[in-house]
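> Could you look at this predicted model? Sequence included:
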Amino acid sequence: MIQRTLLVRARLGLHARAAAKVVRLAQSFDSAMELTRVDNGTTADAKSILSVLMLAAGRGTELRASADGIDEDAAVNALDQLFAQGFGEMEQESGG
Amino acid sequence: MTAQPQESRFKGLGVSEGIVIGQVLRMHIGSRHVYHWRINVADLEAEHQRFRAAVELARQQVVAIKKQAEERLGKDHAYIFDAHLLLLEDAKLTSDIERQITDEHSNAEWAVEVVGDRLLSLYSEIKDDYLRERGSDIEDVMQRLLVALSGVRPQHRSLSEDAVIVAQDLLPSAVAELDLEHARAIATDTGGWTSHTAILARGIGIPAVVGLRDFYRRTRTGDKIIVDSTRNEVILHPAPATLQRYQAEVLSHDSPRGAGNARERGPVQTLDGIEITMRANVEVPAEFEGVEKFGAHGVGLYRSEFLLARRGVAVSEKEQQLAYEEVARTAGSDGVIIRLFDLGGENLREQFQEPEKNPALGLRAIRFGLRNEEVMRTQVRAILVAAENSNVKIVLPMIADVNDVRRAKAIIQEEADGLAKAGRAFGDVAVGAMIEVPSAVLMADNIAKSVDFFELGTNDLVQYTLAVDRGNDEVAHWFRTLHPAVLHSIDRSLKAAFNAGIPAIVCGEMASTPAYAVLLIGLGATDLSMTPTAIPRVRRALVGIDSRDARTIAKECLNCETADQVESIVRERFGKLWPNLFPAKSLPERRQTAKPVA
C-alpha cells in the first residue's frame, strides 16, 4: 500500500464536478483507493462519489490518498496530478 | 377601469450579465408529495426490481442530458451531469436505498426520500458555502429517481419567444433540459453566484438574477418582467416609462453573446489624440472575466460590500484577503481600486437592529466604518496584506470633508504600523476619496490636498446634489443626470483634482452611457470606470470624437439654467456633429417641458 498527502487547491474545493473527475479516475484503477481528511480523519472510498462529496473538502483541505493493489503507484501518481492541476476546472482560469 | 398592477422591484444578485425584457414563465420544481406504504414480504423482490428499473431509466435520461449539454455548453459544464451519473451508479447510494426497502418494508419512493433527506441533512451542515450549494446535485438525482419511479418522463418544455424563467430554485438538469434557445433570462428565489443556475446561465450567455427571496410567489406566467442583472434586480409589471427607458438601453447595449467579438484593447484616443483610460467596475467574481475580455485598464472600482452580502460583517480577514488578491490578479498590473464597504444599516439590519429613518443620510459607508472600527480595521488589514504583491488602492466612500479623510487615513496608518510590528508582509496603498456628497464637492480643493486621487461617483452625486431619491418614482422627474448643478459639481471636482495634480476617475452610470461619457470628456475627464460590458460602446463613441468639440459643448451646457436646456443642447449638437455615433435613440429624449434652444 502507498500513501501520499494531497492538497485541495481548486478555489471551489472538491465539489461535484471535481469529485466526478476524482471518482472517474479512481475507478480506472484496480487498486482500492481511499481519501482521508488529515484534519479530522474522515475517510472516503475514492470510487464512490457520495463518499467523496461527504468529505466536504473545501479549498486548502489536506487529504491523505492511499491506494492498495496491483497498480497502486500509478493510481496515487494520477490522483496527485489531478489535484495539482486543481481538477482542471474552468473556474481556475479566473485565478486561484 | 381595472387597476394596473404596480411596478415593483426586487433586489437579488446578478450572476450573469445583461438586460432582458420579457414575460414570466413560472417553473414549479420539486416538493412532490411522497407517500409511504408497506410492502408485503412476498412483493419485496418486485419492489427492488422496480427500483432498479427506475435507476436505469434515470441513468439513461442523464446520459442523454449529458450529451445534449456537451453539445450545447461544452465539456466542462457537462461534468455536472457526470457527477449525477456517478451518483446513480454509486453502490453506496443504491444499497442504502435498497436496505431501506428491505429493512423497513417500505415502497421505493419512500426509501429514496428517506435516504435522500438523510444525505441532504448531512450536506446542509457543511461549512463551505460553495460545497453546501452542491446539495442540489443530490436533490436533483433524488427528484429524477422519484419521477422515474412514477413512470413518467419529465416533459420537455418549449418556451415562448421572450420567456423569462422564474422559479424558486432550478435544479441543474432542469436548466439543461430547458429549451435554452428561447429562454431569454432566469430569475430565481434562491442561489448564489456559484450555483449551477448561475454557472450555466453564464455558460450560455443569458442574464440571470438569483437570490430574489420570495419573488416567485408574486408572479404569474405571462406577467411582464425586466431582468436587469447589471443592477442586480428584476422589475415586475414595469410601468410604461420604465419600459421605454429599458427599451432604449437594450438597444444601445451590446448583447453579451456577441460581446466577445468586440475585443479591442490598448489605450483609447480621441480624434485629437487625448488619451482616455477605461477601467472596469466590478462587484461579483462573475464579472471578473469581463475585465480582460473587454480590454479594461484594470479595475477602477471594486464594490467590496459584495463580501458582506454573503457572510455579514463577520467575514474574516483571511477570507477578504483572498478575495482582494483574486480581484487584484484579475486587474493585473493596472491595479484595482477597492472601495471600502459602502453600505449602511439597511443592509445589515440583522446585526444593527434599529432601522434608520433616513438611511441615505445615515450611518453608512465611511461613517459606518468609523463607527464600527473593528470592521473597518479588519478590511484595511486584509487590503494591506493583499497589496504585498499587487497593485491595490483604497478609495473611501461618502467622504463629507477632510476630517473623514484624516480619521480614515489614521486608521490605515495604524494598521500598517501594526502589521509591520507583527512582522507581517504587506504593501503600501494609495488612498483616494469618493466625491459624491455636495460638501465634498464644495471642499474639493481642500480634500484634494490630503488624498492620492479622486473618484467621482456620479450616481450618488446626482442623488445628493439634487436631493432626489433615485428609487422613488414620484420624484423621478427631478432626477436629472444632466442637471447643470450636477455638471458644475463634476467640473469643480475635476478642476480641484487637476490643480492638486492628482488623478480623478469618474465611475458611475454616467461614464457607461456613451453620450454622457463624451460630455464628461468635455468637462476634462480622462479616466473613466464603468461596468465591463459597457466598455466597447463607450470606446466606440470616444474614438470617434474630437475632445475640443466636446469641450465646446460642455461649456455651453455649464451655462444652462435647466436640465431641459442641457438635454436639448446635447441632442442637437451631438446629432449634428456625430450623427453616426449618436442616433436619436441614444440621446436624451425631448420632454414636454423642454424649451427649444435659441
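Yep, it's here. Residues are numbered from 1 along each chain as shown, chains lettered A, B, ... in the order given.
> any idea how far stretch A:16-26 is from the chain center?
Its chain's C-alpha centre and that of stretch A:16-26 lie 8 Å apart, by Cα atoms, centre = their mean, to the nearest Å.
> Likewise for stretch B:426-436?
So, by Cα atoms, centre = their mean, the centroid of stretch B:426-436 is 23 Å from its chain's centroid.
> Can you show me the strands along the stretch 451-598 of chain B?
In the stretch 451-598 of chain B, the strands defined using DSSP state E, counting those that start in this stretch lie at B:453-457, B:504-507, B:527-530.
> Can you mark which positions in the lengthiest helix in chain B are buried?
What stands out as the longest helix in chain B, according to DSSP state H, is helix B:44-73. Going by neighbour count (16 or more other Cβ atoms under 10 Å in any protein chain shown), the buried part of helix B:44-73 is B:47-48, B:50-51, B:54-55, B:57-59, B:61-62, B:65-66, B:69-70, B:73. In short, each C-beta sits where N, CA and C put it, glycine included.
> Would you mind pulling up the elements that it packs against?
Applying 3 or more Cβ pairs under 8 Å, 6 or more residues apart in numbering or on different chains; DSSP states H and E, one finds that helix B:44-73 contacts helix B:75-89, helix B:91-104, helix B:108-124, helix B:135-149, helix B:172-177, helix B:196-204.
> what do you get if the cut-off is 6 Å, keeping everything else the same?
Contacts defined by 3 or more Cβ pairs under 6 Å, 6 or more residues apart in numbering or on different chains; DSSP states H and E place helix B:44-73 against helix B:75-89, helix B:108-124, helix B:135-149, helix B:172-177.
> Give me the contact list for stretch B:374-394.
B:313, B:317, B:320-321, B:324-325, B:328, B:335-338, B:369, B:412, B:415-416, B:419, B:425-427, B:429-431 (Cβ atoms under 6 Å, 6 or more residues apart in numbering or on different chains).
> still on that earlier bit, could the helices and strands packed on helix B:44-73 be laid out in CSV, adding distance to chain A?
Shown next, in CSV, are these (distance: least, Cβ to the nearest Cβ, whole Å):
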stretch, distance to chain A
helix B:75-89, 4
helix B:108-124, 6
helix B:135-149, 5
helix B:172-177, 9
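> okay if I get the ones you listed as TSV plus mean pLDDT and mean neighbour count?
TSV is the format used below for the helices and strands packed on helix B:44-73 (pLDDT from 0 to 100; neighbours: other Cβ atoms under 10 Å in any protein chain shown):
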stretch	mean pLDDT	mean neighbour count
helix B:75-89	83	23
helix B:108-124	83	19
helix B:135-149	81	23
helix B:172-177	65	24
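> To B:A241, which of those helices lies closest?
Of all the helices and strands packed on helix B:44-73, helix B:172-177 sits nearest to B:A241, with 33.2 Å by Cβ to Cβ.
> After the closest one, heading C-terminal, what element do we hit next?
Using DSSP states H and E, the helix or strand that follows helix B:172-177 in sequence is strand B:183-188.
> Can you tell me what sits against that next one?
In contact with strand B:183-188 (Cβ under 6 Å, 6+ apart) are residues B:20, B:22, B:159, B:162-167, B:169-170, B:197, B:201, B:206-210, B:212, B:227, B:234.
> try 7 Å this time
Identification of contacts with strand B:183-188 by Cβ atoms under 7 Å, 6 or more residues apart in numbering or on different chains yields B:20, B:22, B:159, B:162-170, B:197, B:201, B:206-210, B:212, B:215, B:227, B:234.
> same thing with stretch B:547-559?
Contacts for stretch B:547-559 (Cβ under 7 Å, 6+ apart): B:270, B:272, B:274, B:484, B:487-488, B:491, B:518-519, B:521-523, B:566, B:569, B:573, B:577.
> Please identify which pair of those lies farthest apart.
B:D272 and B:P484, at 25.7 Å, using Cβ to Cβ across the contacts of stretch B:547-559.
> neighbour count winner among those two?
Each of B:D272 and B:P484 has its neighbours counted (other Cβ atoms under 10 Å in any protein chain shown); B:P484 has more, 18 against 12.
> Okay, the more buried one and B:N459: tell me how far apart.
Distance, B:P484 to B:N459, by Cβ to Cβ, to the nearest Å: 18 Å.
> got the residues of the stretch 301-450 of chain B near chain A?
Residues of the stretch 301-450 of chain B lying close to chain A (Cβ under 7 Å from any Cβ of the partner chain) are B:326, B:329-330.
> I'd like to know which of those residues are buried.
Among those, the ones that count as buried by 16+ other Cβ under 10 Å are B:326, B:330.
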